[in-house]
Structures are given as structure tokens and as C-alpha cells.
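**Q** got a sequence here, can you build the structure:
(6 chains)
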Protein chains: 6
Amino acid sequence: MSGKPLVPMIEYEDANPEVRAVYDDIMATRKSDWINNFWKVLAHDPAHLKRTWEALKEIMGPGALDPLTKELIYVAVSVTNGCEYCTYSHTAAARAKGMSDAQFSELIAVVGKANETNRLVNGLRPPVDPQFQPR
Amino acid sequence: MSGKPLVPMIEYEDANPEVRAVYDDIMATRKSDWINNFWKVLAHDPAHLKRTWEALKEIMGPGALDPLTKELIYVAVSVTNGCEYCTYSHTAAARAKGMSDAQFSELIAVVGKANETNRLVNGLRPPVDPQFQPR
Amino acid sequence: MSGKPLVPMIEYEDANPEVRAVYDDIMATRKSDWINNFWKVLAHDPAHLKRTWEALKEIMGPGALDPLTKELIYVAVSVTNGCEYCTYSHTAAARAKGMSDAQFSELIAVVGKANETNRLVNGLRPPVDPQFQPR
Amino acid sequence: MSGKPLVPMIEYEDANPEVRAVYDDIMATRKSDWINNFWKVLAHDPAHLKRTWEALKEIMGPGALDPLTKELIYVAVSVTNGCEYCTYSHTAAARAKGMSDAQFSELIAVVGKANETNRLVNGLRPPVDPQFQPR
Amino acid sequence: MSGKPLVPMIEYEDANPEVRAVYDDIMATRKSDWINNFWKVLAHDPAHLKRTWEALKEIMGPGALDPLTKELIYVAVSVTNGCEYCTYSHTAAARAKGMSDAQFSELIAVVGKANETNRLVNGLRPPVDPQFQPR
Amino acid sequence: MSGKPLVPMIEYEDANPEVRAVYDDIMATRKSDWINNFWKVLAHDPAHLKRTWEALKEIMGPGALDPLTKELIYVAVSVTNGCEYCTYSHTAAARAKGMSDAQFSELIAVVGKANETNRLVNGLRPPVDPQFQPR
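**A** Residues are numbered from 1 along each chain as shown, chains lettered A, B, ... in the order given. Below is the predicted model:
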């Protein structure tokens, strides 16, 4: 990181009530006592902060996929895109949800291999097999 | 797909023994009786075919992560990269390994959201929180 | 496009009330009488459909940036990512909001040039000038 | 940024006449008295420096789109690609051309949302609606 | 390809003199008697057509790297980005410049492997070794 | 780089025999006396380390393409993807294999131009010319 964030970070004590309500919900949901920097830079646009947090809470919560699997998927996307902050934060989140060292190694190996075969396909251009068509 | 694959596809009956051995192992491993087009375009370079298949078999087999989870990660990468063939083939593979409609919906939702927040981070550039540093 | 969508498309007449309410709002907001395929594939997950539409409506509506400028930005991202459906649909939306032929030509030229200089930077790695740091 | 640029930066006082002529034109066009690092690393290949600057000047100047709109598009591409230098430099340029805090927030929100829906499309693969075909 | 190009293609017989001059130079440079579709869609913006062709001619011509090597690099980028038209057109150009089947296979293998290890690096985040710093 | 690698780096003296064997082969193949950080983070998964190294050695060795050309292709992919570590390490490797300053400049110019025209194609969507179809 070569510099400052592109907007100042809004700390809890400087936040307006709308932002504080989101910060409180983040900490309550995560059973933690701090807010990470991602939310502090979003807080300049309180409506965007609220919408992003609420969508994320809904999407990443328990469902047909368990929260750890969702976190692994998040890391896979972040690594593919080369997003440094996202890789650190979602790897930490996956560890907090129980990801082992061996699981992390396998995750990275799968992400690497998928990025490789995606390009073998891009370069050789096989047609989609009829057997892969959805029902 | 606007055209033919960039190299001819090698069918089983036209394959040399080295390629056939790989094709046989693919079908045996997958308990299937056909070879999908990805392997047929790779087969022009038998050493590359063999290396790619063996690495994939090792990486995607059971381990600390179960095969369905690995397949979901593969789809996540393929969707992020916009690889059409890969999205069809790995979604079909995930379905064959038991992915439900609800799991597919959640997978796509997580992939979409991760791609969004990756760019919020790229645009606002928050510093990595010290709490996210690995031990 | 090599095949069918990965989930069936849900038409208005087959939609449940939750989905229909979103479809109705889309048509009312756009003053149109049809629903495009993007929403029909999302409709398998009604909560995701609703959340995506509501966020999009809020983000793309009038604000500090006018709707046409937002649509141009949407096209720029879609072209950079190589998303075919998105390029067709958002170019059509931009035209509907008044984009001229000359504006479209300039948009594409800027997107091309930005993708070029992004890679000149990636390859030569100049440090960020202190003058570019935010206040 | 982990290190030095991959080629030394050429300062004005060390530049040959061909490079100086470009530097002079950059400063005259921008009504500024300094050259940012991007040009200094390009200057090792004076023909490439000249060609890149002249194309950029032509593309980013006033036309059917105003210079601020073009700069917003440049930021959108740079953020999508994750180019740090480009994000800092073009955000600074957009601010210099009048971008407000609210416009920057909306820009980032649109870029995030476009990156999300691009992947929802990649994952669900709806066909392009006939209504979106160009005339 | 799901549809028509986003702007009509301008054929030689319908082109204005400025566009025809570029078309003539393309054919003379390539010693061919036809114009490929890329140029025909660019031709709506004659200044952009001319600038793009002249830069491409200069960059892809003989220099410290031979034209075939440059064409291989072009394919590598196009495959990494998943650009279908570009992959077909630059693979054809590389074949015309002498690329053998074996060279094409190796090119694709290198591109695949680079895309894989790029993501292993993104996921594990090793620091840049001091030995890799440029002199 | 904002922090520590996501797994500890395994130094030669702390490596188990399986990892040491790979490290020894890397140094013997490269005729060098040190191991770069990429391999040290991979070494947590010795099977993955061995597989990745052996594939890389095979793919990057002499063949129908010479090792320098392969290295240039590797840099082209790494620059397109914006992978900082990869850009530094493969540029250093290319220099060690004889890449001149002029060749590096031309490489970067080609990569930039390919990334630009890839997006002009994505935005204008010309159909693939029949002449580009493979035989």
C-alpha cells in the first residue's frame, strides 16, 4: 500500500448515529469489539455502508452453504482478483471460522489450478459438451 | 462460441497409447464412459495432457476439503474470470457431486458480492488492519 | 453463448407474488412493459432478486452523478471485464438515456486507453507521486 | 509497492530533447510545473512516451464527453483492474477537474455493483435479450 | 457471439477517404486484400481508427523483438483476458508469421502456468526478494 | 505489500527432506545458491511444492520456444494480471536470460496495446472473421 486511503476513515467516536448503528450491528453480529478499516472508509456514504453491510450479513450467514464454505469462496475470488486487503481480511475470517492450515493449502491449490485451466480453455476454445447443458 | 476449437479435438479412437492411457484413467476415476472436450483439445500435447490431468486429479480429490467444496471453489474462480466452458463444466460437476439449487444460488450470490467488495476496496484503499496479520 | 442459462428463466406468469412484486417495480421504474433475462435467472432466489434490484435502483438513480454518466461507468466496467450480456444490456440502457454515437465512440476509446496504461504501470511500477495523496 | 520501478525514472534535467519536448507539452497542457512518475518510467522509450502522451491527450480532451466524465471512466477501469498507481493518479485528476466527495462515493458504488452483476451474469448465463440488439 | 456488433461495420466501398487511406495502408502493410472486422467497427471514429492502426503498426513491427515473438505475447494477453475475437485473430496472425503447432502448445502451457502461479502468489503473499530488485 | 506472507516461509535449514530435495533441484537447475520466497511459502504443502516445481521446470525449459521467449510470455501474463511479485521475479529471470532494455520496453508496449485492443473488441463486438478460423 503506497499511501493513505482515498477517503478519511471514520472512527466510531466521530460517527453519526446512522453509521454507529451499523458499526454496532457489525460488532454484535461478529461478537467482536472493533471495526475493520473496510467499513470505516465506506462510512462516508452511510446509505452505501448500510446497504453493503446488510447484504453481506444476509449473504454470508448460514444457509444451504455453511459460513466457512462461503468464506473459502470469498477468498478464492479475492485471490483470483489480486485484492490484497480482501485476501488478508477474508483469510483471517476463514481462520476464525475454523479453516485449518491444510484446508488453506488446498484452497490455494484449487484456485491456482482453476485459473490455469480457465486459460487453457480460453486458448484452445473447446465447444461446451452437450452433456454439460443444464436440465 | 464463434468457431472451431483452435486445435482439432482428438477422439479416443484416433488417440495414441499415451493419450488413451490418460483418457482411460479419466473415465475410470470419474466412473464415466466419455471424455469431455477439454481433454480432447489438450491431447495434442500428450505430456501437457498427462501433467494437467494428474495434477487436477490430485488437487480435486478428497483431502482436508471435500470434493464438493473444491468444485464450488472452481466454479467461483471460473465465474469471476468469465470462462464460459469452465462455468458449464464445473457447475455440471458440482451438481454431479450433490450441489443443490439452493447451494448454487448462494454460491453465485457470494461470488457476486466478493467481486463487488473487492472493487470497493480497490477504490477506497483502506490499509490492512493489524488484526488481520497472520500469526 | 453456447447453451442454456444455468437455471431456468422465470416468466412473469409463472412467478410467485414476491417475484412479481419485484418485476412490477422494475417495469414501473423503467416505464417499460417487459422484464429482461437477467432478472428472470435471478428470480430463482427471490430474496437475492429483491436485494439486487433494490440496490441497483438506489445506486443507478439520480444523485450527484446523473443516470447517463452512471450508465457509461457501468459499460466501462462491463467492457473491461468482457461481460457480453452486460455490454449489450448497459449499452442499450445508455442509448435509451441519450448516449450519442460520438459519446459511445469516446467511451470505448477511454476504456481501451485506461486498460493499456493500467498495464504500462503494472509493468514499469512507478511509485505513487506524493502529489497524488489525498488530502 | 515493494520496490524500485523496473526501469530508472528519467528526470527533466537528464532528459534528451525528444523527451523534454513531451514533458514540456504535458506541463503546458495541464498548466502544471511537474511531471508525474508514470511519464518518467515511460521516457526510456521516447517513441513510446510520445505516442502514449499524444493519444492520451487526444482521447481525454474535450469532445462529446466532458473531461470529468472521461476521468470518472478512467477511475472505473483502474479500480476494476486493481491498479493502485492508476487509482491514485486518476482520482487526483478527477478531483482537480471538480469531482465532489459525493460524486466519488457514487462512482465507487456503481463500479462495485457493476462488478457484482457482471459475475451474476457470468454464473447464470442468461441469453442476450433481442431488445438489446443494436439497431 | 450472441448478436450484432455494437456499431455497424463500415465496408471499404462505403468508407470515406480518411478511412479508406487506413484500410489501404493495412492491406499494403500486411500484403493482403481484405480488412478484418476489428477495423470495420473502429471505422466509425476515423481518428481513433487511424491512431490505433498507426500505433499497432509501430509497436508490432520489427524491433528488438521479432514480429512472431510479439504476436505470441499478444496471444498470451488475449488468452489471459478471455477475449475470443482477439484469440482467434492473433493466433491466425501468429500462424501466418510461422508459429508451429508445437510452439502454440507451449505458448498455451506457459500462459496457463503463469496464470496459476500468479494466484499462488496472490494467495500466499511472499515478499519480493531483494535479489529481484532492478539494478 | 502490507504485511507478512499468509503462511510462514520455510527456510532450507528448517525444511524436511522432501522439501530440501525440491530446493536442491531448484538450485541445481538454476545454477544458483538461493531459493526465492515463492518456493518458501509453497513449502508448507510439500506435494504441491514438488508438483508446481516439476511442472514449471518442464514447461519453462527449452522446447519449440526458447526459454527467453517463454519468460517474456510469463511477464506478459503477470503484468496483465497485475501480480507484483511475479512481475519483479519474472522480469529478473528474463534479464538473467538475456533480455535487453529495448526488448523489455517493446514487451511492455505490446502488453499495453493488447490490453487496449482486447477492450475495443469487448466494447464493439465484431464477429470473428471466417478467415481466422483454424484449418
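
**Q** for chain B, see how far away A:Pro46 is.
**A** 14 Å (CB to the nearest CB, to the nearest Å). For the C-beta atoms, the positions are set from N, CA and C on the backbone; glycine is no exception.

**Q** likewise A:Ala15?
**A** Remark: distance between A:Ala15 and chain B (CB to the nearest CB) = 15 Å.

**Q** doesn't A:Asp24 make contact with that residue?
**A** No: the pair A:Ala15 / A:Asp24 is not scored as a contact, 9.9 Å apart, by CB atoms under 8 Å.

**Q** from F:Lys70, how far off is A:Ala43?
**A** Taking CB to CB, to the nearest Å as the measure, A:Ala43 falls 47 Å from F:Lys70.

**Q** could you list every residue that touches the nearest residue to A:His44 once chain neighbours are set aside?
**A** Leaving aside its chain neighbours, A:His44 sits nearest to A:Val7 (4.9 Å; criterion: CB to CB, 6 or more residues apart in numbering or on different chains). Going by CB atoms under 8 Å, 6 or more residues apart in numbering or on different chains, A:Val7 touches A:41, A:44, B:124, C:134, D:101, D:104-105.

**Q** model confidence for the residue nearest to A:Asn81 when sequence neighbours are not counted, exactly?
**A** Leaving aside its chain neighbours, A:Asn81 sits nearest to B:Asn118 (4.8 Å; criterion: CB to CB, 6+ apart). B:Asn118 is assigned 98 on the pLDDT scale.

**Q** run a quick neighbour tally on B:Asn118.
**A** 28 (other CB atoms under 10 Å in any protein chain shown).

**Q** more neighbours: which of A:Ala15 and A:Asp24?
**A** A:Ala15 (20 against 13).

**Q** which parts of the helix or strand hosting A:Asp24 are buried?
**A** Using DSSP states H and E, A:Asp24 sits within helix A:17-30. Using 16 or more other CB atoms under 10 Å in any protein chain shown as the burial criterion, the residues of helix A:17-30 that qualify are A:19-20, A:22-23, A:26.

**Q** before we move on, what about stretch A:125-135?
**A** A:125-126, A:128-129, A:132.

**Q** list the contacts for the closest residue to chain D within chain A?
**A** Chain D sits closest to A:Asp45 of chain A, with a gap of 4.0 Å, by CB to the nearest CB. By CB under 8 Å, 6+ apart, the residues touching A:Asp45 are D:102, D:105-106, D:109.

**Q** what packs against the strand or helix carrying A:Tyr74?
**A** Secondary structure from DSSP H and E places A:Tyr74 in helix A:67-81. Applying 3 or more CB pairs under 8 Å, 6 or more residues apart in numbering or on different chains; DSSP states H and E, one finds that helix A:67-81 contacts helix A:46-60, helix A:84-96, helix A:101-124, helix B:67-81, helix B:101-124, helix E:101-124.

**Q** angle of that helix against helix B:67-81?
**A** Relative orientation of helix A:67-81 versus helix B:67-81 (axes from the mean of the first three to the mean of the last three CA atoms, to 10 degrees): 40 degrees.

**Q** name the residues of helix A:67-81 that are buried.
**A** Quick answer for helix A:67-81 (16+ other CB under 10 Å): A:68-81.

**Q** quick one: mean pLDDT for it?
**A** 98.

**Q** quick check: A:Asp45 vs D:Val111, distance?
**A** From A:Asp45 to D:Val111 the distance is 13 Å (CB to CB).

**Q** revised request: answer the last question for A:Asn16.
**A** Relative to D:Val111, and taking CB to CB, A:Asn16 is found at 25 Å.

**Q** show me which of those two is the more surrounded one.
**A** Per other CB under 10 Å, whichever of A:Asn16 and D:Val111 has more neighbours is D:Val111, with 27 against 10.

**Q** ok, now which ones touch A:Pro8?
**A** For A:Pro8, the contact set (CB under 8 Å, 6+ apart) comprises A:44, C:134.

**Q** pLDDT score for it?
**A** 95.

**Q** for the residue nearest to A:Asp101 when sequence neighbours are not counted, which residues are in contact?
**A** Excluding the flanking residues, the one nearest A:Asp101 by CB to CB, 6+ apart is F:His44, at 6.8 Å. F:His44 sits next to A:101, A:105, F:7-8, F:10 when contact means CB under 8 Å, 6+ apart.

**Q** mind listing what the residue of chain A found nearest chain F touches?
**A** In chain A, the residue that lies nearest chain F is A:Ser105 (4.0 Å; CB to the nearest CB). Contact analysis of A:Ser105 by CB under 8 Å, 6+ apart lists B:64, F:7, F:44-45, F:48.

**Q** how about 10 Å then?
**A** B:63-65, E:123-124, F:7, F:42, F:44-48 (CB atoms under 10 Å, 6 or more residues apart in numbering or on different chains).

**Q** likewise for A:Ala76?
**A** A:Ala76 makes contact with A:90, A:107-108, A:110-111, A:114-115, B:72-77, B:80, B:110-111, B:114, E:119, E:123 under the criterion CB under 10 Å, 6+ apart.

**Q** just A:Ile26 next, same as before
**A** Residues counted as contacts of A:Ile26 (CB under 10 Å, 6+ apart) are A:32, A:34-36, A:39, A:49, A:53, A:56-57.

**Q** any idea how far A:Val79 lies from chain C?
**A** Applying CB to the nearest CB to A:Val79 and chain C gives a distance of 17 Å.

**Q** for that residue, which non-adjacent residue is closest in space?
**A** With sequence-adjacent residues excluded and distances taken as CB to CB, 6+ apart, A:Val79 is closest to E:Gly123, at 4.2 Å.

**Q** next to chain C, which bits of chain A? Give me the list.
**A** A:1-8, A:47-48, A:51-52, A:54-55, A:58-59, A:63, A:127-130, A:132-135 (CB under 10 Å from any CB of the partner chain).

**Q** so A:Leu124 versus B:Val75, what's the distance?
**A** Counting by CB to CB - A:Leu124 and B:Val75 are separated by 20 Å.

**Q** how about A:Lys31?
**A** Using CB to CB, A:Lys31 is found at 31 Å from B:Val75.

**Q** next: A:Pro5.
**A** 33 Å.

**Q** nearest to the spatial middle of chain A, which residue is it?
**A** Nearest residue to the geometric centre of chain A (CA atoms, centre = their mean): A:Tyr74, 4.5 Å.

**Q** number of nearby residues for the closest residue to A:Ala47 other than its chain neighbours?
**A** Counting by CB to CB, 6+ apart, C:Glu58 is the residue found nearest to A:Ala47 once chain neighbours are left out, at 7.2 Å. The number of residues packed near C:Glu58 is 14, by other CB under 10 Å.

**Q** these two touch, right, C:Glu58 and D:Val110?
**A** No: with contact defined as CB atoms under 10 Å, C:Glu58 does not count as touching D:Val110 (11.0 Å).

**Q** where in chain A is pLDDT low?
**A** By pLDDT under 70, the low-scoring segments of chain A are A:1-2.

**Q** what's the domain layout of it?
**A** A:7-60, A:63-124 (automatic domain parsing).

**Q** ok, A:Thr29 to A:Leu56 distance?
**A** Distance from A:Thr29 to A:Leu56, by CB to CB: 10 Å.

**Q** for A:Glu13, that is, sorry about that
**A** 24 Å.

**Q** looking at these two, which is more packed in?
**A** The residue with more neighbours, out of A:Glu13 and A:Leu56 and counting by other CB under 10 Å, is A:Leu56; that gives 19 against 6.
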